[in-house]
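Enquirer: Here is a sequence with its predicted model. Questions after.
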Amino acid sequence: MMMVATLRLSEKFILLLILSAFITLCFGAFFFLPDNSKHKRFDLGLEDVLIPHIDSPKEGKHASGQVVIHGQGGHDEHRHSEEDGQTCMLSVRCSKPLKPLSERTLADSYGLSKSGPGHGDFLFTMRIWKEFVDLWLRRYTVNFGSLCKLLCLVFRFMFFQMMKHAWDSYRQYGWGHNELKPLAKKGHSTNIFGNSQLGATIVDALDTLYIMGLHEEFRDGQEWIEQNLDFGVNAEVSVFEVNIRFIGGLLAAYYLSGQEVFKLKAVQLAEKLLPAFNTPTGIPWAMVNLKSGVGRNWGWASAGSSILAEFGTLHMEFVHLTYLTGNPAYYQKVMHIRKLLAKMDRPNGLYPNYLNPRTGRWGQHHTSVGGLGDSFYEYLLKAWLMSDKTDTEARKTYDDAIEAIERHLIRKSNGGLTFIGEWKNGHLERKMGHLACFAGGMFALGADGSPDDKAGHYLQLGAEIAHTCHESYDRTVLKLGPEAFKFDSGLEAVAVRQNEKYYILRPEVIETYWYMWRFTHDPKYRQWGWEAAQAIDKYCRVSGGFSGVKDVYSSNPTYDDVQQSFFLAETLKYLYLLFSSDDLMPLESWVFNTEAHPLPVLHLGNITLPGSEPAQR
C-alpha cells in the first residue's frame, strides 16, 4: 500500500523527496561513510542486467576458435545477493557476449541516444530524476542501499553520455582518421602512427563501447575494421603504441564479443611488427615501416637507444597471440627480452630507461616510473597475474625492481606527500609525472603475493601515491592534474614549468582510484573520481568532442584541440568501472593492458605455450 501511495504523490512532493533523499543520504553517506563490508558494495543489482563473472576456460575453444569462458560452477549459474536484505538472481552465461547494460536502454527511453548541446548535463532535469526514481520504486523499497545503487547508475550514465559525445563527434568529424581535432572538427594524427589513417580511435574505443553496452556503435566500428583496416600501408609507426592500442584493443574486442575478425586483424598486424625485432640483440626498434619492415629508433633517445617502457610493454599481447595462434614466435620474442635483461648489470638494482639494440649496453643512466619506464614494471606484474600466477620469474623480477625503486626513488616531501622521483646520473630529481600516478594502482594490484608479508605495506603505499596525485589535481584551478609536478623549493605537487602545466585527458590518476576502490572500497576514491569527471566535463568538453587544456592553473584555459584515443580507451572506461560492481570485469579473471584493454587470465594448467620451456613456468 505504501508503494502505491508513494507513486501517486504529487509531482512537487516527489521532486522534493528526490532532492532531499539524494543530497542527504547519497552524497553525504555515499562518499564519507566507511565501507568495510562486502554487503555494502554499491553495485547496480537489477535483475535484468547481466553481470559478467568470468572464470577459467574449462572447455578449450569453440570450433571458431573463440575461447569459452564459463562462470564459476558451471555454464548457467545464479548468484544470490544479500544486499539490502533482498535476493537478486543474476543469470550468468559467460560464454556468450555480454548483454547490453541498462544505461543504453535508459538513453533510448529518454531520447538521449544522440549527443548534442546540453547532453553532458545528463539527467540534471527534474523530469528524468523523477523517471529514475519511479523506475526504482517499482522494483525496490526506498532505503540507503538502493538509493546509493541508483546514484551509481546515474554517475555511470554521465560517463555513458560522455562516451557517446566523444564517439559521435569522432564519427561525424574524424571517422577513419586516427584521432580527432574537436575544435577544428576534422581528423588528426601524430607521428606515432606515421602518415597512416588506421582509425586508432575506433580500435582503441571498441571494448569501452562494448562494456558500456553501446553495441550499435560497436558494430559500426566492427564494420569499419572489416572493410577498411589495412596494415599494408607505407607508414612508419610506433611498435609500442600500435601494440598496446591496436593489438591490445583488437584482442580485447575479440575476447568480449567472440567476433573472429578482431583476432584475424590482430594477427595480421602482429606479423607486420615482427621485423622490428631484427636487431643484433633482439631488442626491437621503436619504429617500423608496416610495408617495408625497416625499423629505426627515435633520434632523441640517447644515442639511438630503444626505450625500456616500449620494448618492455609487449609481453601480455604477444603471449596471447601465441596462445590464440599456436605460433611460438611471439612468445619467444618477449621471453628473449626478459632473458637478456636478467643477465645485465643494473646500477643500484635500477633499470635505466635506455638500451642500445646494437650493442646491448645501457644508454644514459636515467630511471623513471613515469614516462620512458612506467609500463615495463607494470607488465612484469601483469605477466604473473595473466599466467594465473604461475610465471614466478616475472613476479620475482617485479619484486626486485620495486624494492630498488622504493629504496632509491620513493620519498616523502616536507609536507608529508609520498612521491616517486626520477634518478638521473646518480641524482634524485624531486619531480613526478602524471604518467607515474598509475603506480598507486600497480602497488595495490601487486600487494597480494608480495614477499615478506608486505601486502599491507604496498596497499598503504598505493594509497599514499593516490593521495599525492589527488593533491596534484586539487591544487590547480581547474581541478585537473598537470603533466608533471615538483616537490622542491617549498612547492609540492605543483607544476613549475609552463610546458608541464597541461592536461591531455590522461587516465593514470583515475586508473589508480579504480584499483584502490576495488581493493579497499574506501568511498573517497569514488569521490575523487567524480571530482575529476566533473572537471573534465566542465573544462575539456567542447561542441566537437573533448580536448586537452594547455594550463590547468589558468581560469581561462586554452585548448590543445586533440581528442586522444586513450581518452575513450582508458579515462572513460576507468571512470565507468569505478562506479560499477566489482563483478563487472573482475580482477581475478581479467588483466588490463597498459591501454586499459582487458585480456583474460590464461589458466594454462599443465599446458605449455608453444616455444616455451616448461622449466620457466
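Expert: Okay, I see it.
Enquirer: who are the neighbours of the helix or strand in which K265 is found, in terms of helices and strands?
Expert: Here K265 sits within helix 260-273, counting by DSSP states H and E. Packing partners of helix 260-273 (3 or more CB pairs under 8 Å, 6 or more residues apart in numbering; DSSP states H and E): helix 215-228, helix 248-257, helix 315-325. The C-beta positions use only the backbone N, C-alpha and C, and glycine is treated the same way.
Enquirer: How about residues contacting the second one?
Expert: Yep, that's helix 248-257 we're talking about. 66-67, 69, 97-98, 203-207, 210-211, 218, 222, 225, 259-260, 262-263, 265-266, 269, 316-317, 320-321, 324, 569, 593-595, 597-600 (CB atoms under 8 Å, 6 or more residues apart in numbering).
Enquirer: With the first one instead?
Expert: Counting by CB under 8 Å, 6+ apart, helix 215-228 makes contact with 100, 104, 164, 167, 171, 175-176, 199, 202-203, 205-206, 209-210, 250, 253, 257, 259, 261-262, 265, all of which sit outside it.
Enquirer: can you rerun that using 6 Å?
Expert: If you take CB atoms under 6 Å, 6 or more residues apart in numbering as the criterion, helix 215-228 is touched by P100, W167, I202, L206, L209, Y210, V261.
Enquirer: By mean pLDDT, point me to the weakest helix or strand of the chain.
Expert: None of the helices or strands of the chain scores lower by mean pLDDT, DSSP states H and E than strand 88-92, at a mean of 25.
Enquirer: Check the gap between the residue nearest to S387 when sequence neighbours are not counted and V319 for me.
Expert: In this structure, S387 finds its nearest non-sequential neighbour in L602, 6.2 Å apart by CB to CB, 6 or more residues apart in numbering. Computed as CB to CB, to the nearest Å, the L602 to V319 distance reads 7 Å.
Enquirer: the more surrounded of these two?
Expert: V319 (23 against 20; other CB atoms under 10 Å).
Enquirer: Pull out the buried members of the contacts of helix 248-257.
Expert: Those of the contacts of helix 248-257 that meet the buried threshold are 66-67, 69, 97-98, 203-207, 210-211, 218, 222, 225, 259, 262-263, 265-266, 269, 316-317, 320-321, 324, 569, 593-595, 597-600, by 16 or more other CB atoms under 10 Å.
Enquirer: Spit out the contact partners of G360.
Expert: Contact analysis of G360 by CB under 6 Å, 6+ apart lists T281.
Enquirer: so is it in a helix, a strand, or just coil?
Expert: The local conformation at G360, judged by DSSP: H, G, I helix; E, B strand; the rest coil, is coil.
Enquirer: Do a quick rundown of the helices in the stretch 301-450 of the chain.
Expert: For the stretch 301-450 of the chain, applying DSSP state H, counting those that start in this stretch gives helices covering 308-311, 315-325, 329-343, 374-386, 392-408, 438-445.
Enquirer: circling back: make JSON lines from the helices and strands packed on helix 260-273 and add mean pLDDT and distance to R395 to it.
Expert: Listed next are those as JSON lines, based on pLDDT from 0 to 100; distance: least, CB to CB, whole Å:
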{"stretch": "helix 215-228", "mean pLDDT": "97", "distance to R395": "35"}
{"stretch": "helix 248-257", "mean pLDDT": "98", "distance to R395": "22"}
{"stretch": "helix 315-325", "mean pLDDT": "98", "distance to R395": "13"}
